[in-house]
Structure formats: structure tokens, C-alpha cells
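> curious how this folds, go ahead:
(2 chains)
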Amino acid sequence: MSNTPAATRRLVLRLGALVPLAWAIALLFVPYGLLLVQSFWRLDHGVLTPGFTLDNYRRLVGTSLYPRTILYSAVTALWVTGGALLLAYPLAYLLAFKVRRHRDLLYLAVIIPLWVSYVVRAYAWKIILGQQGILNGLLLSLGLIREPLSVLLYSRWAVIVALTHIYTPFALMPIFAVLEAIPAPLREASQDLYAGRWRTFLHVTLPLSLPGVLAGATFAFVLSMGDFLAPQLLGGNDSALMVSNLVWSLFGVAYNWPLGAAVAVVMLGLTLALLTLTGALERGGSGR
Amino acid sequence: MSDPLLRLVDLSKRFGQVTALDGISLDVAGGEFLTVLGASGSGKTTTLRLIAGFEPPTAGQILMDGADIARLPPYRRDVNTVFQQYALFPHLTVRENVGYGLRMRRVVRPEIEQRVTEALALVRLGDLGARRPRQLSGGQQQRVALARALVNRPRLLLLDEPLGALDLKLRRAMQLELKQLQTRVGITFVYVTHDQEEALTMSDRIALMRNGRLEQLGTPEAIYHRPRTRYVADFIGETNLLAGKVLGANGGRVTIEVGGATLRAIAGETAPSAGADIWLSVRPERLAVGPRGEVAPDRNQLDGVVTDVVFMGAGTRVFVTLADATRAVAHRPPGDAPAPGTPVAVEWPVDAGVLLRE
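Modelled structure (predicted):
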């Protein structure tokens, strides 16, 4: 057969394409499927019992703890999203338009923290915000306070600050990409048509960067809403716990897998709905 | 000429070590269509960007009505620009694009609406106002860009290769239309292009640039028929360049020696001295190709052999290799072409030859 090498190569390529597919099936779709199935199971005297019941979902909706925690997580995630955008946008703007030399280096400086383990970054805030921490030390030595503040750490705000720090690069990257792609003549044309720098930003740069802002906001919101470690490390008391911590304790401490699975499924549904919505907004925005 | 609308005085621009513009001085009269012509890197676009205000000059002045605007930001200049790739705002409709400048100047809404409608009618785009730029063809986008600038009624309109992205046929049509439009609205145009044909078609005057300097400034006719340097003759249109030596000058006539033959030509602006190396430029349409023989008193003649005859529709191009191996080209009417290999003489009137410095 004359086409053997080509046929072999095609076969190898096809098999090669199967690897990521198998990976996604084994590690993504199968666990999600199991989660969905288990959310309809029930706990019979502490024993996981297969079956089909909507009890878990009824309990989820009926107990104020679960909707409240989801809402609480969403509001926390909103604060994080707002903070990340406020930090990321000006920085992305500077990188895209103002910095000429060392631009790649500065961009790298923004990205490098992503290479540091998440736990290390969350833990760093413990060191900064703790009773014996850097911030308290600074405030003490400045004479602004007499005794170390204990409210800095183990609060909702500690979680928000840490999550903002951790997810700002995720918000920055899409914003920077969009800003950088705006052709320079567009901003020149605006100035040529009597708009100063501020009005050029308001009428040209900002509207054209909105798809990036939306993408960055989606990243920051979805990632921080599902976050689990920062509230665990920095949230302290139970009132500052987020929905992921709840799922974790349902699976781990309470051994109520069906209820935990139901909460997880609801969260997954909410997240997918949000992604679909922002995706549609982005397409609508650019397809006009 | 009354006081110029725009006057560039010794304008220079350096980018780091690179000198993009090296001391340009130039007057533009009100209502004039001036084309800044040059190869890429000649400084033509830099000139435009300095006038628009996108770059500050390194040295020199930009006077508009006598006032130096060189340090004003673009939004404080009574100048508008039509950009090379149009630079239309993709998130705004055609009407919003055209009305942008008026809105930024805080013109009242009814007046904006009226002037936008007029401007769109002027460029014959009346019914496309609700579209987005990406829904328009290249030619239509070009018109929107034009309307967006003209609607502000600037004193001066800058155009940066506005037809460069269009195909040849559309470009020809737009050349005429632009010229007519300019005459109608009476706005001064400074038009940048690398296309010499475009420059010849539309301009009142052409400023030909080379390496950041002004090589020659004049009407299209003057630049075509009386180029000052070899570069200009070569850049504008097609020409035959013959290398020669000056033998002597007598009155307005100069005798030169080209490849062993003695020729006569009209002295240019500078009377060349005997013994100087010089170029003789003769346009192809002034060259006749015929049998060798007597030379008429007011004509020059060189012997050669026809090498190629190229049919071009409206005429033929006859390539002749001269005695000194130089290739000459003549444009002849159809049917007036000897066969390749024929020994011939090329002939031209003495006043058709222009003497050029290097």
C-alpha cells in the first residue's frame, strides 16, 4: 500500500485528538454527571442510598441558610469584581497606551503572581493582616492605634481584599488585550474631531473596551464566587464562609453528600447561566 | 497671492536618531488643492501628522493665518483629517460618526441633525445613516470618513492616502469626485499620496518630497514638463534618461554629448558649465521612431535598434536599444511601430529635452 505512512499519520492524529477528549470526559463530565445523579439520592440513617428524590433541592430552597449563603457569596464576589476592575482597568490602560519601554516586563510583573501558589498568596494576607501582622505593626509605629486591631483578619473584608488581589490579573488580561487592539488612528480621529483626552476615553476607548471589561468581570466574579480557600484561611468565623465552604462541610463534616451535590449543582447552574448571559452580551456588543 | 492659509517654516521632525522631516518650508493658499507626493519614508505622512497635531515638531513653525499652531493639541486646531484606513468608530452608526465632531463642539442637536444630513447627501450616502461602518463597502466607508471631516467645515482638510485601499477603477472615479467636491466646498486640501498619477490628476500644486526634504514644488504641468532633478523626472510619469556631458552653452540652448552623439537641449534653471555631467530627460510621448536620415534643424536624433514592441490598447510602446546600449521607450499611436530588429533613429524636438542635475 502506497499511502501507508499517510494513513498511519492520520490514525495517530485521530488517536491524539482522542486524548484531550478522554481527559475531559474522565475528569470533567463523569464527575459532574455523578454529582448530578447523587443530588437526587438520599441519606438513610447516615447511609448513602441511591434513588430519585427532590428532597435535597426542597431543603436547599426551604432552609434560609443555603439561599442566604449563595447570596452572600454573590455579593462578596461582586465586591471582588468591582475592586478587581478598579485596579485592573487603569493598570491595563497604562500598559496599553502610556508605557513604551519595558512594557512586556511590566505585563510580566502583573502575570508573575499567577505562578505563585494560590495558597501562598492567600497566606500572605494572613501575615499582612494578622494581629502581629505588618499592617498592625505599621499602624502601631505610626501611632495611629494603641493596640493591634483584630478586626483586620478573619472578616469578610479580609476575604474580599485577598480575593481582589488574587483575581485582579484575571480581570487585567482581557482588558489589556482589548485596549491594545484598539487601532491608534481611532483615538487620533477622536482628538482630530475636537474631543480632548478625557472625552476621547469616554466616547471611544471605554465603549470599545467594554467586551474586555465584561470578560474580566466574568472571570473575577465566577472565580471568586466559587472560591473556597481564602474564606477558609481569612474568613474565620462561620458568618464569613462562602458557598464553597458550605459544600465542603456538607461533603466532609456532615457527610451529607446528596445535599452537598444539590448545592453544587445549583451553583454550577447559576455559573453556567451567568457565562451564557455575558457571552451573549459580548457577542451582541461586538456584532452590532 | 494673498496671505497663505497655511505656512510651514523650516519644519523638522526627528524620531530618535532618524530624521523624518528635514526643514520643510511651504505655503498653502486658501482654497488650494496641494498634494504632498513622495515614496514611503519621504516624510509626507509625517508632514501631515505635524499639521494635524498628532506629533509635535522638533523644530520650526506651523502658521495658520499667521498664528503658530505647532504646539496646539489636535482638538484645538481648525483642521480635520481623513485617515488612510478611514478610522471610523466601529461602535457608532454612520450618522453618529459624521456627527461626532459637531457633538464634541457642543453644537445643538437640531443643527447637528441637519448638517449630518447635508454632509451625507454631499457624499451621496443619504440612505445609509443608520448602518454601522462594518456594514459598508470600502468606497462607502471612504465617503463616510470624508463626510465626517467636511461636516465640521474646517479651514483645512488633510487627507492621508484616502484612496489607497480602493481598487483601481473606484480610485479613478473617486479622484474626479474628490476634486469636484473640493472645488464645490472651497475647502483647502492637503492631500498625501505616493501615487504620482493621482497627484497629477487632482492637484493645483504638487510638493514632491524626498528623504524628508522638499525636492520640487510646482503645478503638475511644471513638475511633469520641467522637473528640476533626475529624481523628479523619474518619479513623475515615465521618462527616458540619457547620461551626458555638457559641451557648451549658447543663449538658452545647451549642447551636450550623449554616447558619442551631439545633442541640443533647453537650459534649465541653472545654466550648466562645460564639462559637467548631466542627465537629459525626454518623455516617451515626445519620442518619434523612424528611419535614419537627415536631422531637422530643431530636432535631436540618436541611432538604435528596435528590441520590443508592446501593444497597450490605446497605443504601442516601442523599446529601442541605443548605440550606447541605453534602452529608450517611445509611446506611439497604434500601427506606427516598426518590427523588432529594425535599425531606426529616435527623434525628438530640442525643446522636449530637459537637462537635469543628478
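
> now do the strands in chain A.
For chain A, strands defined by DSSP state E occupy the ranges A:42-44, A:47-49.

> please identify the most buried of those.
Mean neighbour counts were taken over the strands of chain A using mean count of other CB atoms under 10 Å in any protein chain shown, and the top value, a mean of 14, falls to strand A:42-44. For every residue, glycine as well, the C-beta is placed using N, CA and C.

> and chain B, which of the strands of chain A is closest to it?
Nearest to chain B among those is strand A:42-44; the distance by CB to the nearest CB comes to 53.2 Å.

> tell me, what residue is most central in chain A?
Centroid-nearest residue in chain A: A:Leu223, 1.7 Å away (criterion: CA atoms, centre = their mean).

> show me where the stretch 1-150 of chain A has its helices.
All helices of the stretch 1-150 of chain A, identified by DSSP state H, counting those that start in this stretch, fall at A:4-24, A:30-38, A:55-62, A:65-93, A:103-111, A:118-129, A:134-141.

> just put the ones you listed in TSV and tack on distance to chain B and mean neighbour count.
Below are the helices of the stretch 1-150 of chain A laid out as TSV (distance: least, CB to the nearest CB, whole Å; neighbours: other CB atoms under 10 Å in any protein chain shown):
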stretch	distance to chain B	mean neighbour count
helix A:4-24	35	10
helix A:30-38	38	13
helix A:55-62	42	16
helix A:65-93	18	19
helix A:103-111	17	13
helix A:118-129	37	16
helix A:134-141	43	14
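
> in the stretch 1-150 of chain A, what residue lies closest to chain B?
Of all residues in the stretch 1-150 of chain A, A:Arg100 sits closest to chain B, at 11.6 Å by CB to the nearest CB.

> next, that residue: phi, psi?
Note on A:Arg100: backbone dihedrals following degrees, to the nearest 10 are phi -100, psi -60.

> now do the contacts for the closest residue to B:Phe83 other than its chain neighbours.
On the basis of CB to CB, 6 or more residues apart in numbering or on different chains, the spatially nearest residue to B:Phe83 that is not a chain neighbour turns out to be A:Pro185, at 4.9 Å. Under the criterion of CB atoms under 8 Å, 6 or more residues apart in numbering or on different chains, the neighbours of A:Pro185 are B:Phe83, B:Gln84, B:Gln85, B:Ala87.

> pLDDT wise, what is A:Pro185 at?
According to the model's per-residue confidence, A:Pro185 sits at a pLDDT of 95.

> closest one to B:Arg226 among the helices of the stretch 1-150 of chain A?
When the helices of the stretch 1-150 of chain A are ranked by proximity to B:Arg226, the top entry is helix A:103-111, at 50.3 Å, counting by CB to CB.

> who's in contact with the closest one?
For helix A:103-111, using CB under 8 Å, 6+ apart, the contacting residues are A:Leu91, A:Leu95, A:Val99, A:Pro169, A:Leu172, A:Met173, A:Phe176.

> tell me how far the fourth one lies from chain B.
Right, the one you point to is A:Pro169. Distance from A:Pro169 to chain B, counting by CB to the nearest CB, to the nearest Å: 27 Å.

> tell me how many other residues crowd that residue.
Other residues within reach of A:Pro169, judged by other CB atoms under 10 Å in any protein chain shown, total 21.

> what's the answer for the fifth one, then?
Burial measure for A:Leu172: 26 neighbouring residues, criterion other CB under 10 Å.

> domains of chain B?
If you go by automatic domain parsing, the domain ranges for chain B are B:6-230, B:238-356.

> the first one - what's its average pLDDT?
Throughout domain B:6-230, pLDDT has a mean value of 94.

> which non-adjacent residue is nearest A:Leu215?
In this structure residue A:215 is Ala, not Leu. Nearest residue to A:Ala215, sequence neighbours excluded (CB to CB, 6+ apart): A:Pro174, at 3.9 Å.

> the one you found: what's it in contact with?
Residues counted as contacts of A:Pro174 (CB under 8 Å, 6+ apart) are A:Pro211, A:Gly212, A:Val213, A:Ala215, A:Gly216, A:Phe219.

> is any residue of stretch A:197-214 near chain B?
Yes - contact check for stretch A:197-214 against chain B, using CB under 8 Å from any CB of the partner chain: residues in range are A:Arg199, A:His203, A:Val204, A:Pro207, A:Leu208.

> surely A:Ile145 touches A:Leu139?
Yes - the pair A:Ile145 and A:Leu139 qualifies as a contact (CB atoms under 8 Å) at a distance of 4.7 Å.

> circling back: okay if I get the strands of chain A as JSON lines plus distance to B:Arg14 and mean pLDDT?
Formatted as JSON lines, the strands of chain A follow (distance: least, CB to CB, whole Å; pLDDT from 0 to 100):
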{"stretch": "strand A:42-44", "distance to B:Arg14": "79", "mean pLDDT": "87"}
{"stretch": "strand A:47-49", "distance to B:Arg14": "78", "mean pLDDT": "87"}
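
> distance to B:Leu163 added to these, as CSV?
CSV is the format used below for the strands of chain A (distance: least, CB to CB, whole Å):
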stretch, distance to B:Leu163
strand A:42-44, 75
strand A:47-49, 75
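
> quick one on the thing from earlier: of the contacts of A:Pro174, just the buried ones, ChimeraX syntax please.
Once 16 or more other CB atoms under 10 Å in any protein chain shown is used to decide burial, the buried members of these can be selected in ChimeraX as follows:
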select /A:211,212,213,215,216,219
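
> and which of the contacts of A:Pro174 is nearest to chain B?
Distance to chain B across the contacts of A:Pro174 (CB to the nearest CB) is lowest for A:Pro211, with 10.3 Å.

> in the chain, which helix is the longest?
No chain specified, so I'll use chain A. Residue-count comparison of every helix in chain A, with assignments taken from DSSP state H, identifies helix A:257-287 as the longest.

> the intended chain is chain B.
When chain B is parsed with DSSP H, its longest helix is helix B:168-185.
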